[in-house]
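Trainee: Have a look at this fold, sequence not included:
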């Protein structure tokens, strides 16, 4: 009997997904919207007035109640599930975590996690909230390789504070 693997999307799973990003002078709001929609196609983004360059605009974009489905699909496509588990778990505090991803990578439909420095093109801050969040993160980033090399949040194989791998498995 073929069993389809359980697929997570963050919706109806008790996980609230919120995206935040700051629009600064020089940012193109249309390109930022494209980047958001490439990973979160259901995001509702308010329209922004067109401004001429240079602009002194400082605006925050906030998108609530997002589906995590496309994001998780991209993690699987890029084969970065362990990195995602580490990045999502790095600032885990009970039932809430926050992590950042590159806006330029998102514009290209990819995911690149950001640690400390603000990357060229800015970043999106992703907030996840929900009961049992640590178990959910481990489950949604699970892959068959963990049968041979078990991993869990905050284990000795997790990336260090700078984002570098702390160990490699042979």
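Mentor: Noted; the coordinates are in hand. On a predicted model such as this, the values are computed, not experimentally measured, just so you know. Numbering: from 1, shown residues only.
Trainee: Give me the below-cutoff pLDDT ranges for the chain.
Mentor: For the chain, applying pLDDT under 70 flags the ranges 1-12, 49-55, 143-170.
Trainee: where do the helices sit along it?
Mentor: 29-39, 69-78, 81-89, 103-107, 133-140 (DSSP state H).
Trainee: Any idea which of these gets closest to residue 57?
Mentor: Nearest of these to residue 57, taken as C-beta to C-beta: helix 29-39 at 8.6 Å. To be clear about C-beta, it is placed using only N, CA and C from the backbone, and glycine gets the same treatment.
Trainee: partner residues bridging the residue lying closest to residue 62 once chain neighbours are set aside?
Mentor: If you skip the residues right next to it in sequence, residue 62 has residue 20 as its closest partner in space, 5.3 Å away by C-beta to C-beta, 6 or more residues apart in numbering. For residue 20, the beta-bridge partners under DSSP bridges are residue 62, residue 125.
Trainee: what about residue 20, distance to residue 81?
Mentor: Taking C-beta to C-beta, to the nearest Å as the measure, residue 20 falls 24 Å from residue 81.
Trainee: same deal with residue 32?
Mentor: Where residue 81 is concerned, residue 32 sits at a distance of 26 Å (C-beta to C-beta).
Trainee: same check, this time on residue 22
Mentor: 28 Å.
Trainee: higher neighbour count, these two?
Mentor: More crowded of residue 22 and residue 81, by other C-beta atoms under 10 Å: residue 81, with 18 against 15.
Trainee: The nearest residue to residue 136 once chain neighbours are set aside and residue 119, how far apart?
Mentor: Distance criterion C-beta to C-beta, 6+ apart; nearest residue to residue 136, sequence neighbours excluded, is residue 15 at 5.8 Å. Plainly put, residue 15 is 26 Å away from residue 119 if you go by C-beta to C-beta.
Trainee: next one: residue 106
Mentor: Taking C-beta to C-beta, one finds residue 106 at 11 Å from residue 119.
Trainee: Could you do residue 34 as well?
Mentor: Taking C-beta to C-beta, one finds residue 34 at 17 Å from residue 119.
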